[in-house]
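In: A predicted structure for the sequence below; I have some questions about it.
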Amino acid sequence: MKTAPYLLSLPALLLFAAVVIVPLGMTVALSFHDWGQYKGIVPVFILKNWREVFSDSYYGEMFWRTFRIALLVTLLSAVFGAPEAYILNRMRSPWRGLFLLVILGPLLISVVARTLGWALLFGGKSGLINAVLLSLGLISAPLPFMFTETGIVVALTHVLMPYMVLAVWAALQRLDPQVENAAITLGAGPFTVLRRIVLPQAMPGILSGAVIVFALAASAFATPAIIGGRRLKVASTLAYDEFLNTLNWPLGAAVAVLLLVALVLIVFGANRWVERRYAQVFG
Amino acid sequence: MRRNGPLALCYHALFVAFTLAPIIVVCWVAFTPEGYLSFPTTHWSLRWFHAIARYPEFISAFWRSIGLGALSSIIAVAISVPAALAIARYRFAGREAFTALFMSPLMIPNVVLGIAFLRFFTEVGLGGTFTGLVLAHIVIIFPFALRLTLASAVGLDRALEHAALSLGASEWTVMKRIILPLVLPGLVSGWALAFINSFDEVTMTVFVAAPGTETLPVRMFLYIQDNIDPLVTSVSACVIVVTVAALVALDRAYGLERLLVGRGGNDGR
């Protein structure tokens, strides 16, 4: 009887041990190996790659850009996504179900197709928005979008926004509408209700959504690769280049491991902070 | 509950426009009759949809994606069922650690997993093979499969099993006639969610796939990296139509909200 749960989880455990734990361990080991243009990967233990990542300002700048983009995307998603979740929550069926599908559905549509849409909207002179603004005479030159940080931030916000709406929506589901009604009966204005009743209860959802969006934005690949191109690199596109173009796998592994460690620290730290904060309120 | 005011509805309209704009634009450009990227207004044409047929690598990548998604989702669901039963029904040492491990592909960036898989598969001789792709996809879609199988395993009423057993049914009959029909909707939705996630995955797969084993999103991504022309918009339009059809079907069958939030839709309202 006591062995039953272990036997039942055995297939999944074996799979994860072989295809997750071992490869991750190998990647960490890889980041300590040596590499040369002609000698390839040399399995020795050296700190060369780590020294390079930490001392070369190129990598510092690139990581700073990665996290700056992720932070902006998180802020934008929270500021625009949370109100939308609240509006959705106040809708009646069938509109609610319909718009929930419209807003959450894109989550499952190919990231490549969605990013392509942004490239078509803003890319160069032929981009739809630039063409309209140019023909109206509102701008004299096309707005820069491709190969800019703004472009990456806008497209990534679009890609990751549904996660924020989803998280806030889930938090609002627990909200008792009678509390809002009680506040109104007691003479609170709509703004006071929002600030004193709705926002505090939506906050755990906003914070957990923020953690998800931040983690996904900092490690996003397809969107920064398509919008940022070769010129504007973030951690994931840099690792990709090291692996598939330069073929300096040990250096790419160091970048990837650093990204993983930084993200795990940030996500765990944020989660603990959120839990402590709300343990005081709800505990 | 109060209704949304006009201001809120305006905001909502803008938000929906923002959400849909890039998707609509892709489908719109796909109908251009021109040889370059343009927004058709008076003349529409299917030439770029016909053009897909001349690019066999897109067709073969599409079927590979379908096969890969179907196969890896079936295996992921099959492995997740016993694990879900263990987690739902037993209290054992390591239960939390197991759950965290099985959910970890959601936490580990896909780019890191891609790199780890690339290194591992190259070392064990699976580099660029379809087997490698299947293994990698099973891992990354496993959390989605597990979440839904776990939800149905938790929802199982054990009294039903005890009743069947006490009425003389064998363990196997209980499994076949009681448990399986009860968890089947959860399994099918878990499979569907896993399939969609596998079908759309690009970040991890771009590391693992080789020229002979590219999936459709990888093929599209590599194509866009070189140049953006109407062909890739018509391919994207097809992908969008397939995904939306699957989404609507899934929403009707199971409820998108339940699928994504992980619990009953309008309970308590």
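Out: Arrived safely, thanks for sending.
In: The residue in the stretch 51-200 of chain A that chain B sits nearest to is in what secondary structure piece?
Out: Among the residues of the stretch 51-200 of chain A, A:Gly117 lies closest to chain B, at 2.5 Å counting by C-beta to the nearest C-beta. (Each C-beta comes from the backbone N, C-alpha and C, glycine too.) Per DSSP states H and E: A:Gly117 is located in helix A:111-122.
In: next structured bit after that helix?
Out: Toward the C-terminal end, the helix or strand that comes next after helix A:111-122 (DSSP H and E) is helix A:128-135.
In: Could you give the average pLDDT over whatever helix or strand comes next after that next one?
Out: With elements assigned by DSSP H and E, the helix or strand that comes after helix A:128-135 is helix A:149-173. Helix A:149-173 shows a mean pLDDT of 94.
In: Also stretch B:106-114?
Out: Mean predicted lDDT for stretch B:106-114 stands at 94.
In: What's the end-to-end length of that stretch?
Out: Counting by C-alpha to C-alpha, to the nearest Å, you get 13 Å between the two ends of stretch B:106-114.
In: what's around the one residue in the stretch 1-150 of chain B that gets nearest to chain A, how many residues?
Out: Using C-beta to the nearest C-beta, the closest approach of the stretch 1-150 of chain B to chain A is made by B:Pro22 at 2.5 Å. Using other C-beta atoms under 10 Å in any protein chain shown, B:Pro22 has 24 other residues around it.
In: That one: which element?
Out: Here B:Pro22 is assigned to helix B:6-29, by DSSP H and E.
In: mind showing which ranges of the chain have poor pLDDT?
Out: Picked chain A for this. A:1, A:124-125, A:280-283 (pLDDT under 70).
In: please go with chain B instead
Out: For chain B, the stretches with pLDDT under 70 are B:1-2, B:261-269.
In: What segments of it are helices?
Out: Using DSSP state H, the helices of chain B run over B:6-29, B:47-52, B:56-89, B:95-107, B:110-124, B:130-154, B:158-166, B:171-173, B:180-200, B:205-208, B:216-226, B:230-253, B:256-261.
In: how about B:Arg119, what does it touch?
Out: A:Pro23, A:Met26, A:Thr27, A:Leu30, A:Trp249, A:Ala253 (C-beta atoms under 8 Å, 6 or more residues apart in numbering or on different chains).
In: Could I get the full set of strands for the stretch 1-150 of chain A?
Out: Listed in chain order, the strands of the stretch 1-150 of chain A (DSSP state E, counting those that start in this stretch) span A:34-36, A:40-42.
In: Contact residues of the stretch 151-269 of chain B facing chain A?
Out: Proximity of the stretch 151-269 of chain B to chain A (C-beta under 8 Å from any C-beta of the partner chain) is limited to residues B:196-197, B:200, B:202-203, B:206-207, B:217, B:220-221, B:224-225, B:228, B:232-233, B:236, B:239-240, B:243-244, B:246-248, B:251, B:256-257, B:260-261, B:266.
In: For residue 35, which non-adjacent residue is spatially closest?
Out: Picked chain A for this. In this structure, A:Trp35 finds its nearest non-sequential neighbour in A:Pro250, 4.6 Å apart by C-beta to C-beta, 6 or more residues apart in numbering or on different chains.
In: look at chain B instead
Out: Per C-beta to C-beta, 6+ apart, closest to B:Gly35 is B:Pro230, 7.6 Å.
In: Run a quick neighbour tally on the one you found.
Out: 23.
In: Just the buried residues of the residues of the stretch 151-269 of chain B next to chain A.
Out: Neighbour-count burial within those applies to B:196-197, B:200, B:202-203, B:206-207, B:217, B:220-221, B:224, B:228, B:232-233, B:236, B:239-240, B:243-244, B:246-247, B:251, B:256-257, B:260-261; the criterion is 16 or more other C-beta atoms under 10 Å in any protein chain shown.
In: what's near enough to touch the spatially closest residue to the residue of the stretch 1-150 of chain B closest to chain A that is not a sequence neighbour?
Out: Using C-beta to C-beta, 6+ apart and skipping the chain neighbours, the partner closest in space to B:Pro22 is A:Gly117 (2.5 Å). Going by C-beta under 8 Å, 6+ apart, A:Gly117 touches B:Ala21, B:Pro22, B:Ile23, B:Ile24, B:Val25, B:Val26.
In: If you go by neighbour count, which of the residues you listed are buried?
Out: Of the contacts of A:Gly117, these count as buried by 16+ other C-beta under 10 Å: B:Ala21, B:Pro22, B:Ile23, B:Val25, B:Val26.
In: Test my guess that the fourth one contacts A:Gly123.
Out: Right, the one you point to is B:Val25. No: between B:Val25 and A:Gly123 there is no contact under C-beta atoms under 8 Å: 10.6 Å.
In: Overlap of the contact sets of the two?
Out: When contacts are counted by C-beta under 8 Å, 6+ apart, the set common to B:Val25 and A:Gly123 is empty.
In: Turn the helices of chain B into TSV, including distance to A:Phe221.
Out: Converted to TSV, the helices of chain B look like this (distance: least, C-beta to C-beta, whole Å):
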stretch	distance to A:Phe221
helix B:6-29	18
helix B:47-52	25
helix B:56-89	18
helix B:95-107	15
helix B:110-124	5
helix B:130-154	13
helix B:158-166	44
helix B:171-173	46
helix B:180-200	13
helix B:205-208	8
helix B:216-226	9
helix B:230-253	18
helix B:256-261	22
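In: Tell me which of the ones you listed sits nearest to A:Gly205.
Out: helix B:256-261 (10.9 Å; C-beta to C-beta).
In: Which strands or helices does the closest one pack on?
Out: helix A:95-104, helix A:149-173, helix B:230-253 (3 or more C-beta pairs under 8 Å, 6 or more residues apart in numbering or on different chains; DSSP states H and E).
In: List the buried residues of the second one.
Out: Judged by neighbour count (16+ other C-beta under 10 Å), helix A:149-173 contains these buried residues: A:149, A:151-173.
In: Not counting residues beside it along the chain, what's closest to B:Ile140?
Out: Sequence neighbours aside, B:Pro105 is the residue nearest to B:Ile140 in space, at 4.9 Å (criterion: C-beta to C-beta, 6+ apart).
In: B:Leu222 now?
Out: Using C-beta to C-beta, 6+ apart, the closest residue to B:Leu222 is B:Glu214 (7.3 Å).
In: To what extent is A:Ser110 buried, counted in neighbours?
Out: Neighbours of A:Ser110 using other C-beta under 10 Å come to 27.
In: Tell me which residues touch B:Ile74, please.
Out: B:Ile74 sits next to B:Trp191 when contact means C-beta under 8 Å, 6+ apart.
In: Now with 10 Å, please.
Out: B:Ile138, B:Ala145, B:Leu187, B:Trp191, B:Ala194, B:Phe195 (C-beta atoms under 10 Å, 6 or more residues apart in numbering or on different chains).
In: pull the CA atoms of stretch A:38-58 into CSV?
Out: Provided in CSV are the C-alpha atoms of stretch A:38-58 (Å, rounded to 0.1, in the frame of the first residue of the first chain):
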residue,chain,number,x,y,z
TYR,A,38,39.1,24.7,-34.1
LYS,A,39,39.3,22.5,-31.1
GLY,A,40,35.5,22.6,-30.3
ILE,A,41,34.2,21.7,-26.9
VAL,A,42,36.9,20.6,-24.4
PRO,A,43,35.4,18.8,-21.4
VAL,A,44,37.5,20.5,-18.7
PHE,A,45,36.5,22.5,-15.6
ILE,A,46,37.3,26.2,-16.1
LEU,A,47,35.6,29.4,-15.2
LYS,A,48,36.4,31.1,-18.6
ASN,A,49,32.8,31.5,-19.7
TRP,A,50,31.5,32.7,-16.4
ARG,A,51,34.4,35.2,-16.1
GLU,A,52,33.5,36.4,-19.6
VAL,A,53,29.8,36.7,-18.9
PHE,A,54,30.4,38.7,-15.7
SER,A,55,33.3,40.9,-16.8
ASP,A,56,32.4,41.8,-20.4
SER,A,57,30.0,44.8,-20.3
TYR,A,58,28.3,43.5,-23.4
